[in-house]
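Colleague: coords below, sequence missing:
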Ligand SMILES: [Zn+2]
């Protein structure tokens, strides 16, 4: 990872990670010889070195000579990388990938990549040796980070917690003293029913109090609240307006779940998959709606590499919209008369020849850059926000297919 990591915006860093992951996913080893290690921030580097040394000596038992050599080479290379770190890994930890990957025609290439400070803290130490690199934990960190409040309840038990990205975090629980439906001898039926309702009401208030304490301070950052439990308990709870009114507005779905302990929180998230997928693209949808509206009604919209870049340079772009699936490079040319021109090409293709559109002279390539890096670095200098837009909905797909994956919502019309 480049050394100016700290200067990069969070989004740009995520993009850098995504690119490395895409590259790593392509690789395959002919044997079980690609090593991945995830090092959490609280793990001592010396412990990791000891672990790697141990694996190195155990690898001598591998029967295939080629695999044995490859695994040991990977481990040596990892040990070399670990020397660059102090006692503990930086911020959120380190991930190191190393191994001999198939390069076609029976050849192999040694590949080693170090990713420092991923977007979220690495939870646990993992040593993984396989025919592929282990990228899933990193990919999970890069999915759009939703923040949802979770509540599961019945009349006896309740749990509240968070869904952060894909991670469920149980926070608080409560259990009730609500008596069962059978009354004891000597109690009047009416009195029993009243006491029981009172106890239920008290318990709902207690659950709401728990949820309010946890969610109200975060209500502006939250994407929604999911409520689960058996019927009709959860409906009773929601219809009774026990929750703080601003939280009530955040409830995006209620679901039948059978358990109300911590495992119920996981069940709730499983049941809510469809709602969660919708929520994930909702912000993207809103951005694209605004873009199309501006495009049709006024001039406060731009698209395509050239016009968007010009607007960015002028500082007129409020939000830069980039398709998540955009993988292009920009090749920069200069002709003998000093005209600078750009051509956008597929990242996998070479540099095309270019004739200057102003003077017709043959232009020479002076630079080549990833389109997203190129535009985002201008955006950062001009205080423009960048939004990555998923292709999982129609207008997101349109951005990718019809607008070259690049668009901008303008602060004012520029006529460019
Ligand atoms: Zn020219």
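Modeller: Received it, and whenever you're ready, just let me know what you need. No experiment lies behind these values; they were computed from the predicted model shown.
Colleague: ok, and for the longest helix seen in the chain, which residues are buried?
Modeller: Taking DSSP state H as the criterion, the chain has its longest helix at helix 189-215. Of the residues in helix 189-215, 196, 200, 203-204, 207-208, 210-212, 214-215 count as buried by neighbour count, 16 or more other Cβ atoms under 10 Å. Every residue, glycine included, has its C-beta placed from N, CA and C.
Colleague: next structured bit after it?
Modeller: strand 224-229 (DSSP states H and E).
Colleague: tell me what the next helix or strand after that next one is packed against?
Modeller: Later in the chain than strand 224-229, the nearest helix or strand by DSSP H and E is helix 233-239. Counting contacts by 3 or more Cβ pairs under 8 Å, 6 or more residues apart in numbering; DSSP states H and E, helix 233-239 packs against strand 147-153, helix 189-215, strand 224-229, strand 251-256.
Colleague: what's around residue 297, how many residues?
Modeller: Number of residues near residue 297 (other Cβ atoms under 10 Å) recorded here: 9.
Colleague: distance of it from residue 344?
Modeller: 28 Å (Cβ to Cβ, to the nearest Å).
Colleague: Check residue 42 too.
Modeller: Distance from residue 42 to residue 344, by Cβ to Cβ: 44 Å.
Colleague: More neighbours: these two, which one.
Modeller: Neighbours were counted for residue 42 and for residue 344 using other Cβ under 10 Å; residue 344 has more, 17 against 11.
Colleague: you'd agree that one is in a strand?
Modeller: Yes - Residue 344: assigned to a strand according to DSSP: H, G, I helix; E, B strand; the rest coil.
Colleague: Could you pull up the residues touching it?
Modeller: Taking Cβ atoms under 8 Å, 6 or more residues apart in numbering, we find residue 344 in contact with 305, 328-331, 371, 404.
Colleague: Which positions in this structure make contact with the ion?
Modeller: The chain comes close to the ion at residues 335, 337, 339, 356, 358-359, as judged by Cβ under 5 Å from the ion.
Colleague: Reformat those as CSV; add neighbour count, pLDDT and secondary structure.
Modeller: What follows is these, written out as CSV (neighbours: other Cβ atoms under 10 Å; pLDDT from 0 to 100; DSSP: H, G, I helix; E, B strand; the rest coil):
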residue, neighbour count, pLDDT, secondary structure
335, 19, 96, coil
337, 11, 95, coil
339, 14, 95, coil
356, 19, 96, coil
358, 11, 94, coil
359, 12, 96, coil
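Colleague: and the end-to-end length of stretch 75-93?
Modeller: Stretch 75-93 has an end-to-end distance of 19 Å (criterion: Cα to Cα, to the nearest Å).
Colleague: which of the residues in it are buried?
Modeller: Across stretch 75-93, burial judged by 16+ other Cβ under 10 Å covers 75, 77-79, 81-82, 85, 88-89, 92-93.
Colleague: try stretch 118-134
Modeller: By neighbour count on 16+ other Cβ under 10 Å, the buried set for stretch 118-134 is 118, 120, 122, 127, 129, 131-134.
Colleague: mind checking which helix or strand residue 278 is in?
Modeller: helix 273-297.
Colleague: Show me what that helix packs onto, helices and strands only.
Modeller: Secondary-structure packing of helix 273-297 (3+ Cβ pairs under 8 Å, 6+ apart): strand 224-229, strand 251-256, strand 301-303, strand 317-323, strand 385-389, helix 394-402, strand 406-410.
Colleague: Tell me what angle the longest one forms with strand 317-323.
Modeller: Angular relation of helix 394-402 and strand 317-323 on a 0 to 180 degree scale: 80 degrees, by axes from the mean of the first three to the mean of the last three Cα atoms, to 10 degrees.
Colleague: from the middle of its chain, how far away would helix 394-402 be?
Modeller: Centroid separation between helix 394-402 and its chain, computed with Cα atoms, centre = their mean, to the nearest Å, is 21 Å.
Colleague: mind listing what's buried in it?
Modeller: Buried residues in helix 394-402, counting neighbours by 16+ other Cβ under 10 Å, are found at 395-400.
Colleague: Equivalent analysis for the fifth one, please.
Modeller: Judged by neighbour count (16+ other Cβ under 10 Å), strand 385-389 contains these buried residues: 386-389.
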